[in-house]
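>>> how would this look folded up:
(one chain, ligands or ions: 1)
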Amino acid sequence: MAGLLEGKTIVVMGVANERSIAWGITKSLHNAGAELIFTNRQERSAQKLQKLLEKDGIEPKAMVNCDVESDESIEAAFAEIKEKVGVIHGLVHSLAFAKKEELQGEYASTSREGYLLAQNISAYSLVAVTREARKLMTEGGSIVTQSYLGAERVIQNYNVMGVAKAALESSVKYLAEDVGKDGIRVNAISAGPIRTLAAKGVSGFNEKTAVIEEKAPLRRNVDQDQVGDATLFLISDMARGITGEVIHVDSGYHIIG
Ligand SMILES: CCCCCCc1ccc(Oc2ccc(Oc3cccc(O)n3)cc2)c(O)c1
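Presented below is the predicted three-dimensional model:
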């Protein structure tokens, strides 16, 4: 729907390249009229994003550095955003990390350091970002993060990231409770497998997408644009009654035993 986000300013964290889920989300939010602020950890990603934005004629409101492993970096990023725009109306959290060697084989082999790294970047980051973003959401707001079925069920190879996503989805609920009184909603999209740069880190990705084409109710995989449109819905007032929720954008695969 055109204009669904007119007058709204949304922060998008985690566009790495054209295949990023966050890039699909960016296009949906832009086409709905949103003003967009981007955060990236790596200069390389920011440069790629700049080119993508130019190519699509999207003028960012701001581009801010943010390393979610550092509380100081998160605080500085949102202080810069406050200084530039004052108020924000939404936030898209679309970043995660686990060691590649721990996204294969047995979960029982996970190292303490690898476990904590995955939790730190993929789950705790939402808590720290919400703590800072809520200060700028003085007119209410909506926060959306990205999860995967491996949070709920054992998906071979997903291992330590599955446990991190379980923590993320539980954090969505606890954060929804805390910020609901401020008129801020917190939700997750649980997307089916999408061929991104990050997906290259998970063993068995290709096999999983093949199974989905055979077994998912819609008999097809999903893409970044479908996640983008569902995220637009959750960010918008059309989802004003929804918080603490996980919406599956997976061709219905999660309902199949
Ligand atoms: C066997 C499961 C197949 C479906 C996996 C779908 C999926 C694909 C990508 C996902 O996002 C990440 C993000 C970071 C990540 O960690 C990485 C990525 C690349 C290299 C590396 O060293 N770590 C792994 C997955 C994700 O959470 C879920």
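>>> Find the closest residue to the ligand in this protein.
Taking C-beta to the nearest ligand atom, the ligand has its nearest neighbour within the chain at G201, 2.4 Å off. Quick note: C-beta positions are derived from backbone N, CA and C, even for glycine.
>>> Restrict the strand or helix carrying E213 to CA atoms and write it as CSV.
Assigned by DSSP states H and E, E213 belongs to helix 205-215. This file holds the C-alpha atoms of helix 205-215, laid out as CSV (Å, rounded to 0.1, in the frame of the first residue of the first chain):
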residue,chain,number,x,y,z
PHE,A,205,21.6,-25.0,3.0
ASN,A,206,21.1,-26.3,-0.6
GLU,A,207,19.6,-29.6,0.7
LYS,A,208,17.2,-27.7,2.9
THR,A,209,15.9,-25.5,0.1
ALA,A,210,15.3,-28.6,-2.1
VAL,A,211,13.2,-30.2,0.7
ILE,A,212,11.1,-27.0,1.0
GLU,A,213,10.2,-27.1,-2.7
GLU,A,214,8.9,-30.6,-2.2
LYS,A,215,7.2,-30.3,1.2
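>>> What are the buried residues along that helix?
For helix 205-215, a neighbour-count test (16 or more other C-beta atoms under 10 Å) marks 205, 208-209, 212 as buried.
>>> follow-up on the earlier one: what's the residue of the chain closest to the ligand sitting at in phi/psi?
In terms of degrees, to the nearest 10, the main-chain angles of G201 are phi -80, psi -10.
>>> got it, and D67?
phi -110, psi 110.
>>> low pLDDT regions in the protein?
Applying pLDDT under 70 to the chain flags residues 1-2.
>>> Quick one: residues in contact with the next helix or strand after the helix holding E213.
Using DSSP H and E, the helix or strand that follows helix 205-215 towards the C-terminus is helix 224-235. Identification of contacts with helix 224-235 by C-beta atoms under 8 Å, 6 or more residues apart in numbering yields 4-5, 8, 10, 19-21, 23-29, 32, 34, 90, 92, 142, 144, 146, 185, 187, 189, 191, 194, 196, 239, 242, 247, 249.
>>> what's the distance between helix 224-235 and the middle of its chain?
Going by C-alpha atoms, centre = their mean, to the nearest Å, the spacing between the C-alpha centre of helix 224-235 and its chain's C-alpha centre is 11 Å.
>>> Tell me which residues of it come out buried.
224, 226-235.
>>> how about a markdown table for those, with distance to E106 added?
Formatted as a markdown table, the buried residues of helix 224-235 follow (distance: C-beta to C-beta, whole Å):
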| residue | distance to E106 |
| --- | --- |
| Q224 | 31 |
| Q226 | 33 |
| V227 | 30 |
| G228 | 35 |
| D229 | 37 |
| A230 | 33 |
| T231 | 34 |
| L232 | 39 |
| F233 | 38 |
| L234 | 35 |
| I235 | 38 |
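>>> Return only those of the contacts of helix 224-235 found close to the ligand.
Among these, the residues within reach of the ligand (C-beta under 6 Å from any ligand atom) are T196.
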